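In: kindly return the folded structure for what I paste below:
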Amino acid sequence: MVKTKDAVNDMTVGTPAKLIIQFMIPVFLGNIFQQFYNIADSIVAGQFIGVKALAAIGSTGSLMFFVTGWLNGLSSGFAILVSQWFGAKQYDKMRHYVAMSVYLAGGCAVLMTAGLLIANEPILRMMNYSAEIMPEVKQYMGIIYAGLIVTAAYNSLAAFLRAIGDSKSPLYFLIISAVINVALDVVFIVVFGMGVEGCAYATVIAQAISALLCFIYIVKKFPILHLTKSDRKISFQSFGRLLSLGIPMGLQFSITAIGTIIVQGAVNVYGETYMAGFSAAGKLQNMIMTVFVAFGATVATYVGQNRGAGRMDRVKSGVRCTQVMILVWSVIAMAAVCFGGKYMTWLFIDPSETEVVNVSVLYFRTVFWCYPFLGSIFYTGIRFREWDMDLFPCWEVFLNLQQEVRLLWRLPEGQLFRECVSPIRRHGSLR
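Out: Take a look at the predicted model:
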């Protein structure tokens, strides 16, 4: 058991702010590298295939962020109970919830794959994709959906590691797989002459490698997570408890993507210039939002371990620290996109494409003020779970989604882009 304690990170001792920051940074970087798959595909496709392929892959960023955000949130929610029983030092119950989480994650991945493959084309039509790029987008997303089982596997295994205090190892595996993804992109497209499907295959293979590396690492380094026959016994009561935590966090982690998908459909009507500008700005904003997601995953682990250990004083101090850090990051992000959004866009778009750059600048100036409110969603979600109100954040998400849909429906076409280019946010929807 001594080896186990050395291998994991006990968050029930130490300075809360220091623990949260040290844990959050690898989680944030890991989430960035998960988004890097789509970004790398866009860059390679644009360089070696052409503008059409870039438009096809680049415009799927919101769909990719939704899928990864949902699976990441779902697995992070499941891991709350794992971290609680780890903090309580009741490792048999911890392993039981690991096993139940594996069943649920696998089942959700299969259902999502089946449902999204069936709804693939209707979703893209709803988002107003043109007939010229529809086949490429459909083919790319179809392969991504078919590989969701490996995405779910990585997110679940990484969540288990984070639940026992290891947020660095999943990051290392993602870095390795991201490098492999770029290499495979080039090989499939340049060497084998494939189109956008080559980028999709590269992404799925790279994600499978990251999941495999996580699994091997757990088998070799964490005997505390090795499951026995009794651990794997199905309990529908345990399924219910896990889903009551996983579903709200899944919605919470994918909330910006849900709004962006709705708005993407409105933007696509305006043609390639607006699509390109929206895509570039959206990718940059997703990186900013990833910090909020990382804080949510981090504090879920921190609160889980300390609550399991009965250290509610540490839970309250950690949540207060997180509130301050979210506010600080919101102010930094607001200043960055307001004054530097134009230059940040140049990472994706040549400065000579002034119309596209101006669209991105318009996007940032429309939405920058809502960041503190969006960050508050993750903070309030943490507080509700602290108070055993696990399902309350679901209502918050649905109410915001309803507002955004109602707003899109009522606005005249000429105002759609200017007024609806913002993500769903807690207090920022126009009323």
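In: for whichever strand or helix holds Ser83, name the packing helices and strands.
Out: Element membership of Ser83, judged by DSSP states H and E, is helix 61-87. For helix 61-87, the elements it packs on are helix 16-48, helix 91-126, helix 134-146, helix 148-163, helix 236-253, helix 255-268, helix 272-308, judged by 3 or more CB pairs under 8 Å, 6 or more residues apart in numbering; DSSP states H and E. C-beta here means a position set from N, CA and C on the backbone, and glycine is covered the same way.
In: Val191 is nearest to which of these?
Out: If you check each of those against Val191 by CB to CB, helix 16-48 wins as the nearest, at 10.6 Å.
In: now the helix or strand following the closest one: average pLDDT?
Out: Sequence-wise, the next helix or strand beyond helix 16-48 is helix 51-58, with elements assigned using DSSP H and E. In this model, helix 51-58 carries a mean pLDDT of 76.
In: ditto for stretch 31-43
Out: Stretch 31-43 comes out with an average pLDDT of 76.
In: that one: how far from the chain's middle?
Out: Mean C-alpha position of stretch 31-43 versus that of the full chain (CA atoms, centre = their mean, to the nearest Å) differs by 12 Å.
In: pull the residues that contact that stretch.
Out: Surrounding stretch 31-43, the residues in contact under the criterion CB atoms under 8 Å, 6 or more residues apart in numbering are 54, 57-58, 60-61, 64-65, 68, 72, 140, 171, 174-175, 177-178, 181-182, 185, 196, 199-200, 202-203, 206-207, 283, 286-287, 290, 293-294, 348.
In: comparing the helices and strands packed on helix 61-87, which comes out most buried?
Out: Here the criterion is mean neighbour count by mean count of other CB atoms under 10 Å, and of the helices and strands packed on helix 61-87 the winner is helix 148-163, at a mean of 26.
In: give me the helices and strands touching that helix, please.
Out: The elements that helix 148-163 packs onto, with contact taken as 3+ CB pairs under 8 Å, 6+ apart, are helix 16-48, helix 61-87, helix 91-126, helix 168-186, helix 196-221, helix 272-308.
In: now find how far off-centre whichever strand or helix holds Gly318 is within its chain.
Out: For Gly318, the element it lies in under DSSP H and E is helix 312-345. The gap between the average C-alpha position of helix 312-345 and the chain average comes to 17 Å, counting by CA atoms, centre = their mean.
In: what is the rounded mean pLDDT of the helix holding Ser83?
Out: Averaged across helix 61-87, pLDDT comes to 87.
In: okay, and for the stretch 51-200 of the chain, where does confidence drop off?
Out: Applying pLDDT under 70 to the predicted model, the residue ranges of the stretch 51-200 of the chain that meet it are 51.
In: let's go with 50 and repeat that
Out: For the stretch 51-200 of the chain, applying pLDDT under 50 flags no range at all.
In: hmm, back to that, C-terminal to the helix holding Gly318, what's the next element?
Out: Stepping forward along the backbone from helix 312-345, the first helix or strand reached (DSSP H and E) is helix 354-367.
In: thinking again about what came up before, pull out the buried residues from the helix holding Gly318.
Out: Buried residues in helix 312-345, counted by 16 or more other CB atoms under 10 Å: 314-315, 318-319, 321-323, 325-326, 329-330, 333-334, 336-337, 341, 344-345.
In: end-to-end on stretch 218-226?
Out: 8 Å (CA to CA, to the nearest Å).
In: what comes up buried for that stretch?
Out: Within stretch 218-226, the residues that count as buried by 16+ other CB under 10 Å are Ile218, Lys221, Phe222, Ile224, Leu225.
In: quick revisit: what is the rounded mean pLDDT of the helix holding Gly318?
Out: Helix 312-345 shows a mean pLDDT of 88 in the predicted model.
In: pretty sure Phe86 contacts Lys93?
Out: No. Under the criterion of CB atoms under 8 Å, Phe86 lies out of contact with Lys93, with a separation of 9.4 Å.
In: now do the shared contacts for those two.
Out: Taking CB under 8 Å, 6+ apart as the criterion, Phe86 and Lys93 do not both touch any residue.
In: any idea how far Arg232 is from Arg314?
Out: 33 Å (CB to CB, to the nearest Å).
In: check Ala152 too.
Out: Computed as CB to CB, the Ala152 to Arg314 distance reads 31 Å.
In: Gly193 now?
Out: For Gly193, the distance to Arg314 under the criterion CB to CB works out to 57 Å.
In: please apply the same query to Ile262.
Out: 39 Å.
In: re the thing from before, quick one: list the elements packing against the helix holding Gly318.
Out: With contacts taken as 3+ CB pairs under 8 Å, 6+ apart, helix 312-345 sits against helix 16-48, helix 272-308, helix 354-367, helix 371-386.
In: among those helices, which comes closest to Ser76?
Out: With respect to Ser76, and counting by CB to CB, the nearest of the helices and strands packed on helix 312-345 is helix 272-308 at 4.7 Å.
In: tilt between that closest one and helix 255-268?
Out: In this structure, helix 272-308 runs at an angle of 170 degrees to helix 255-268, with axes from the mean of the first three to the mean of the last three CA atoms, to 10 degrees as the basis.
In: check what pLDDT the nearest residue to Val190 once chain neighbours are set aside gets.
Out: Residue nearest to Val190 in three dimensions, not counting chain neighbours: Phe48, with 5.8 Å by CB to CB, 6 or more residues apart in numbering. At Phe48 the predicted local confidence, pLDDT, stands at 81.
In: that's all I had, so thanks and see you.
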